[in-house]
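# For reference, the sequence and a predicted model appear below.
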Amino acid sequence: MDLLENDTLLFVRDGNQHAFEMIFNAFYQPLCRYAYSFLNNKEEAEEVVQSAFIQVWEKRSSLEIQTSFKSYLYRMVRNTCLNVIKHEKVKQLHAKHEMAHGETIQESVHETITSSELESKISEAMMQLPEQCRIVFQLSRFEGLKYAEIADQLEISVKTVENQVGKALKIMRDNLKEYLPLLILFLNGNW
Amino acid sequence: MTEFDPIDDLIGKVLAKEATVAEQNQLNQWLEESEANRKYFAHFKLIFDKAAATPVKIKFDRDEAWQKVKGKMREEKRFQFFISPYVRVAAGIALITAMSYLVYQWTRPAVQTLAVTTDKKIKQDTLPDGSFAVLNKNSKLNFEYNSRSKTRNVKLMGEAYFEVKHQEEKPFVVEIEELLVRDIGTSFNIKAYPNSDTVVVTVESGEVQFYTLKDPGLILKAGEAGIYKKSFKEFSRMVKADTNVLAYKTKIFSFKDTDLKKAVEMINEIYDSKIILGNSSIGQCHVTVNFNNDKIEDIADIIAETLSLSVEKKGDEFILTGSGCNK
């Protein structure tokens, strides 16, 4: 993938649509998943990534990229996502408020729960996490980033990352408690 | 209310493979302590593992997104075939390698590209979408056809005639720098040489829109021509287009009271052999005559006969001489 980066950039700077399309094809989906870690919303994630590409294209002649093109794109998407979140703070507060009342997850417990049902319960629980906690946890799980990388990207300390991951797991475990004991039986053999 | 314990962070670190050996041992010790601890850890691990599955399930449609992004990229100013000289060969190789890699990686719908360049000879070709184009001398045409999305992306420098296979929802749009010509079921000619200040679109049949992204421009009907002056960024309409513009394709000329000088220039533009005016005074003569795909020697003879001139053939040239005309 490194091949793509800086040489292709020369073509992009020159206005070559094919080169640009190549970069788009290579990075679109990973960037969307990355944006999704922040926004938890498919449409918003795609919108952010598309507008980042359009910005790159519009500014192509003045592109001065210090590091790699890849990290440039990621930084752009990250900043936009954080802005989106800032603007949606009100909504987020509302969601948190709802969570405090803790009604969303506690439904009646079924006798059996399939693996994919559990996955969707987990993803629901993840969306209910406090914002920073959720983003840290998702960057770790979705993007496989190291704690140090997460700390760097979000401008927080590694210690905070540790706390947030622990906290995320703990909150989700408490919310999902009702589903979990049933599974422990077959789990025991697995780890 | 959820209470937080340092053990939560420690479990997180171990699961995320961020723990030191000492921390790992510390956790193992804690796990030894009780069944409840092991169950607690198992819950964390289950959540941790399953959480990663979420984004994998979400499908981001790259092709659809590209069409959207591309639509917003229209302002592109330069032609793709103007790859600037300082783009190095190495970059070219890298691009090809990267492209092959990507083609291998994702089998993409076939995008057919056709690039045609002419210098001294006119070329004609059927485009991948079934449209027909004639490319005049010293011109470049770049045609991109995506057979899946049926989008057609045409770029022109120079002069070309198009007979468009109209597709209702997939307009045929020709780009000439910032200018756009969109067909509405049509045959039309575009003359857009970079060294000229004007771009002329002549419509033979149907309708076209001649516009830029900032200016809706003109809707031109059959028989009309639109002229764009690059220096003023202004469109103007000619209700009766000069039909001779298509002569490079048809070799059909229709002169009415035209200066011989101008008529000969137009003919010479199309034919490889040349008609030369032996003395400049005959250039003032007016001719009214039609030619329909005639041979150049016949044209020379007919002109000579109409205006009482004499013809002399020298190599590829036909030299007309005479005493001029009465005004």
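Nice, I can see it.

# Show me which residues of whichever helix or strand A:Leu73 is part of are buried.
Here A:Leu73, judged by DSSP states H and E, is contained in helix A:69-87. By neighbour count with 16 or more other C-beta atoms under 10 Å in any protein chain shown, helix A:69-87 contains the buried residues A:69-70, A:72-74, A:76-78, A:80-82, A:84-85. To be clear about C-beta, it is placed using only N, CA and C from the backbone, and glycine gets the same treatment.

# Output those residues in JSON lines, with pLDDT and distance to chain B appended to each entry.
Formatted as JSON lines, the buried residues of helix A:69-87 follow (pLDDT from 0 to 100; distance: C-beta to the nearest C-beta, whole Å):
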{"residue": "A:Phe69", "pLDDT": "76", "distance to chain B": "12"}
{"residue": "A:Lys70", "pLDDT": "81", "distance to chain B": "13"}
{"residue": "A:Tyr72", "pLDDT": "83", "distance to chain B": "17"}
{"residue": "A:Leu73", "pLDDT": "86", "distance to chain B": "13"}
{"residue": "A:Tyr74", "pLDDT": "88", "distance to chain B": "15"}
{"residue": "A:Met76", "pLDDT": "88", "distance to chain B": "14"}
{"residue": "A:Val77", "pLDDT": "92", "distance to chain B": "13"}
{"residue": "A:Arg78", "pLDDT": "90", "distance to chain B": "16"}
{"residue": "A:Thr80", "pLDDT": "89", "distance to chain B": "15"}
{"residue": "A:Cys81", "pLDDT": "89", "distance to chain B": "14"}
{"residue": "A:Leu82", "pLDDT": "86", "distance to chain B": "18"}
{"residue": "A:Val84", "pLDDT": "83", "distance to chain B": "17"}
{"residue": "A:Ile85", "pLDDT": "82", "distance to chain B": "17"}
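
# Just name the shakiest helix or strand of chain A by mean pLDDT.
helix A:184-188 (a mean of 48; mean pLDDT, DSSP states H and E).

# how big is the angle separating the helix ranked longest in chain A from helix A:69-87?
Criterion DSSP state H: the longest helix present in chain A is helix A:17-39. Using axes from the mean of the first three to the mean of the last three C-alpha atoms, to 10 degrees, the inter-axis angle of helix A:17-39 relative to helix A:69-87 is 40 degrees.

# after the worst-scoring helix or strand of chain B on mean pLDDT, next one along is what?
Using mean pLDDT, DSSP H and E, the weakest-scoring helix or strand in chain B turns out to be helix B:89-105, at a mean of 67. In the C-terminal direction, the helix or strand that comes right after helix B:89-105 (DSSP H and E) is strand B:111-117.

# Just the angle for that next one relative to helix A:17-39, thanks.
150 degrees.

# picking that back up, so which elements touch the longest helix of chain A?
helix A:2-13, helix A:42-58, helix A:69-87, helix A:131-142, helix B:53-57, helix B:62-71, helix B:89-105 (3 or more C-beta pairs under 8 Å, 6 or more residues apart in numbering or on different chains; DSSP states H and E).

# Where does B:Asp272 sit: helix, strand or coil?
With DSSP: H, G, I helix; E, B strand; the rest coil as the basis, B:Asp272 sits in coil.

# and the closest residue to it other than its chain neighbours, how many neighbours does it have?
Of all residues not flanking B:Asp272 in the chain, B:Asp316 sits nearest, at 7.1 Å (C-beta to C-beta, 6 or more residues apart in numbering or on different chains). Counted with other C-beta atoms under 10 Å in any protein chain shown, the neighbours of B:Asp316 add up to 10.

# can you pull the contacts of B:Asp316?
B:Asp316 is in contact with B:272-274, counting by C-beta atoms under 8 Å, 6 or more residues apart in numbering or on different chains.

# Just the buried ones out of these, please.
Looks like those have B:273-274 buried, using 16+ other C-beta under 10 Å.

# What is the nearest of the contacts of B:Asp316 to chain A?
Closest to chain A out of the contacts of B:Asp316 is B:Asp272 (35.4 Å), distances taken as C-beta to the nearest C-beta.

# can you pull the pLDDT of that closest one?
Looking at B:Asp272, its pLDDT is 77.

# and what of B:Pro171?
75.

# Equivalent analysis for A:Arg141, please.
A:Arg141 is given a pLDDT of 90.
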